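Chemist: Here is a sequence together with a model predicted from it:
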Amino acid sequence: MSAAQNPPTENQLKATENWYTSWFDTPYYHILYKDRNYREAQVFMDNLTHYLNLPEKATVLDLACGKGRHSIYLNQLGFTVLGADLSENSILEASKNTNETLHFKVHDMREPFEEKFDAIFNLFTSFGYFENDEDNLTTLKAIKESLSEYGFAVIDFMNVAQVLETLVPKETKTVEGIDFQIKRYLKDGHIYKEIDFEDKGQKFHFTEKVKALTLKDFEELMEEAGIYLLDIFGDYKLKKFHKTDSERLIMIFK
């Protein structure tokens, strides 16, 4: 594993506390990640819903739904979907697609829902953002409490071993005429991504920070939360999980 030179000081890191509340609410987040493979994501959701054998019109919670692209697709598959996200701007955008069986709301994933769901999906590494590690356990408990009696939950996380093995310390990504300077490194059990760019004469700096949770970490958290881990997959085609080679860590639990 290689790491970028000169990780920031402790004082600089203090500025990243609750980074997700500001970065996800900027248009630049969506510009940088506009080329994500959504067809691959749809194949994943097809495979997932078939595997779970969800009944017709099952209620599905898309937890950390962003602008709702995946919620919309799940709704098109025939499910009653609620998309929830902490970002008010993202929910405002997502809500333009509301219909009788598709709704969106601003919600903190650490809080359980009053209603119960047949399936809860937390997809595309939308976990492990919190400054306080206890919040990861709190979130798992909230997911468990929000499931119906026969419901299933899915967390789709990065495979940390594979990410660290292939980590690119520095790169420049140009999207819509903006040069995003990106640095990545591991520090204090978190994977950091620092993003610097200029637009319209103004300089911007954002930091993404995700807890480097392994399968063992999740197993311990789930045991503490009273959760049953039912199955583990290593990619969006639901192939077997391999600790060193798999691109994803996909966990089915209840």
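Modeler: Now that the structure is in, tell me what you want to look at.
Chemist: going forward, measure contacts between C-alpha atoms and count neighbours the same way
Modeler: Will do.
Chemist: Just the element for residue 152, please.
Modeler: strand 147-158 (DSSP states H and E).
Chemist: Just give the closest residue to residue 197, not the sequence neighbours.
Modeler: Nearest-residue entry for residue 197: residue 180, 5.0 Å, with adjacent residues in sequence omitted and distances by Cα to Cα, 6 or more residues apart in numbering.
Chemist: That should have said residue 89, apologies.
Modeler: residue 25 (5.7 Å).
Chemist: repeat for residue 97
Modeler: residue 72 (7.5 Å).
Chemist: how much distance is there from stretch 140-151 to the middle of the chain?
Modeler: How far stretch 140-151 lies from its chain's middle: 18 Å, per Cα atoms, centre = their mean, to the nearest Å.
Chemist: Report the contact partners of residue 249.
Modeler: Contacts of residue 249 were listed using Cα atoms under 8 Å, 6 or more residues apart in numbering, and they are 156-159, 215, 232-235, 241.
Chemist: Distance check, it against residue 97.
Modeler: 30 Å (Cα to Cα, to the nearest Å).
Chemist: now swap in residue 55 and tell me
Modeler: Distance, residue 55 to residue 97, using Cα to Cα: 23 Å.
Chemist: out of these two, which sits in the busier spot?
Modeler: A side-by-side neighbour count of residue 55 and residue 97, using other Cα atoms under 10 Å, places residue 97 first with 15 against 12.
Chemist: you'd agree that one is up against residue 70?
Modeler: No: judged on Cα atoms under 8 Å, residue 97 makes no contact with residue 70 at a distance of 11.7 Å.
Chemist: Report how many residues lie close to the residue nearest to residue 97.
Modeler: 22.
Chemist: Give me the distance between residue 60 and residue 72.
Modeler: Distance, residue 60 to residue 72, by Cα to Cα: 11 Å.
Chemist: Give me the contact list for stretch 190-203.
Modeler: With Cα under 8 Å, 6+ apart as the test, stretch 190-203 has contacts from 178-186, 204-212.
Chemist: just how off-centre is it within its chain?
Modeler: 20 Å.
Chemist: Just the C-alpha atoms of that stretch, please, in PDB.
Modeler: In PDB, the C-alpha atoms belonging to stretch 190-203 read as follows (Å, rounded to 0.1, in the frame of the first residue of the first chain):
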ATOM      1  CA  HIS A 190      -9.900   6.100   8.300                       C
ATOM      2  CA  ILE A 191      -9.400   6.400   4.600                       C
ATOM      3  CA  TYR A 192      -9.200  10.100   3.600                       C
ATOM      4  CA  LYS A 193      -9.700  11.700   0.300                       C
ATOM      5  CA  GLU A 194      -8.700  15.400   0.000                       C
ATOM      6  CA  ILE A 195     -10.200  17.300  -2.900                       C
ATOM      7  CA  ASP A 196      -8.900  20.700  -4.000                       C
ATOM      8  CA  PHE A 197     -10.000  22.700  -7.000                       C
ATOM      9  CA  GLU A 198     -10.700  26.200  -8.300                       C
ATOM     10  CA  ASP A 199     -13.900  27.400 -10.000                       C
ATOM     11  CA  LYS A 200     -14.900  30.900 -11.000                       C
ATOM     12  CA  GLY A 201     -11.800  32.400  -9.400                       C
ATOM     13  CA  GLN A 202     -12.500  30.800  -6.000                       C
ATOM     14  CA  LYS A 203     -10.500  28.000  -4.300                       C
END
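Chemist: Quick one: mean pLDDT over that stretch.
Modeler: Across stretch 190-203, pLDDT averages out at 94.
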